[in-house]
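K.L.:
Take a look and give me a structure for this.
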Amino acid sequence: MERFRSLSRSIMGIFLVAVATLLVSCGGNNVAATPTYTADNLAQIAIYSDRIQTSKDRLPELAGYIRDENWANIDNFIHGPLGELRTGMNRLAFMLLPDDKAEALELSDEIANDLEAMSAAVTAFDGNRTNKAYIRFAKDLSTFLNMVPTEPTDSTDA
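P.N.:
Below you'll find the predicted structure:
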């Protein structure tokens, strides 16, 4: 009987070691990997970011038209060089990480609203409203471009 107890304890010990080994090896790390921007992601983002930056670089030209109340050129500028801005911003936003994407899409909507307000003010030949819409537009566009990542992120920083 004593020999049976000794054998059962040995078997139970081996069994517990096997279960513990299995649990440790299969358990893994339950912490989800933090999403990051890779160099490849940033190269794609840069394509749209550069196009948006080009539009921003032309804002002094638009400001001159607004100052001179050159309604035809303001309207042409809004629907010409700035006409594809929202599409580019939305495409860029969908390349961003989830938290950044939500903020970028919200800014894209605000910028579209700014452009629509500017266009309505131009149609009404209202210099004051046009200027206010332009100021909001320029500020929102700068905010959008400032949130665009330019360097790879490292998940070990978090």
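K.L.:
how deep is the closest residue to residue 44 other than its chain neighbours tucked in, by neighbour count?
P.N.:
Of all residues not flanking residue 44 in the chain, residue 95 sits nearest, at 5.8 Å (CB to CB, 6 or more residues apart in numbering). For every residue, glycine as well, the C-beta is placed using N, CA and C. When neighbours are defined as other CB atoms under 10 Å, residue 95 has 19 of them.
K.L.:
gap between residue 95 and residue 106?
P.N.:
Separation of residue 95 from residue 106 (CB to CB, to the nearest Å): 16 Å.
K.L.:
now residue 138
P.N.:
Distance of residue 138 to residue 106, computed by CB to CB: 17 Å.
K.L.:
all helices in the protein, in order from the N-terminus.
P.N.:
According to DSSP state H, the chain carries its helices in the segments 2-27, 39-57, 59-67, 71-79, 85-93, 98-123, 127-147.
K.L.:
rank these by pLDDT, which is bottom?
P.N.:
Per-stretch mean pLDDT for those is lowest at helix 2-27 (a mean of 60).
K.L.:
re earlier: tabulate the helices of the chain (TSV), appending mean neighbour count.
P.N.:
Below are the helices of the chain laid out as TSV (neighbours: other CB atoms under 10 Å):
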stretch	mean neighbour count
helix 2-27	9
helix 39-57	14
helix 59-67	16
helix 71-79	17
helix 85-93	18
helix 98-123	17
helix 127-147	17
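K.L.:
The nearest residue to residue 51 once chain neighbours are set aside: what's it in contact with?
P.N.:
Nearest non-adjacent residue to residue 51, counting by CB to CB, 6+ apart: residue 88, 5.2 Å away. Contact analysis of residue 88 by CB atoms under 8 Å, 6 or more residues apart in numbering lists 48, 51, 52.
K.L.:
Residue 93 now?
P.N.:
Residue 93 neighbours (CB under 8 Å, 6+ apart): 100, 101, 104, 105, 108.
K.L.:
if we go to 7 Å?
P.N.:
Contacts for residue 93 (CB atoms under 7 Å, 6 or more residues apart in numbering) come out as 101, 104, 105, 108.
K.L.:
Closest one of those residues to residue 81?
P.N.:
residue 108 (17.0 Å; CB to CB).
K.L.:
before we move on, the earlier item: wait, which of the contacts of residue 93 is closest to residue 148?
P.N.:
residue 104 (7.8 Å).
K.L.:
excluding its backbone neighbours, what's nearest that closest one?
P.N.:
Nearest residue to residue 104 in three dimensions, chain neighbours excluded: residue 93, at 3.6 Å (CB to CB, 6+ apart).
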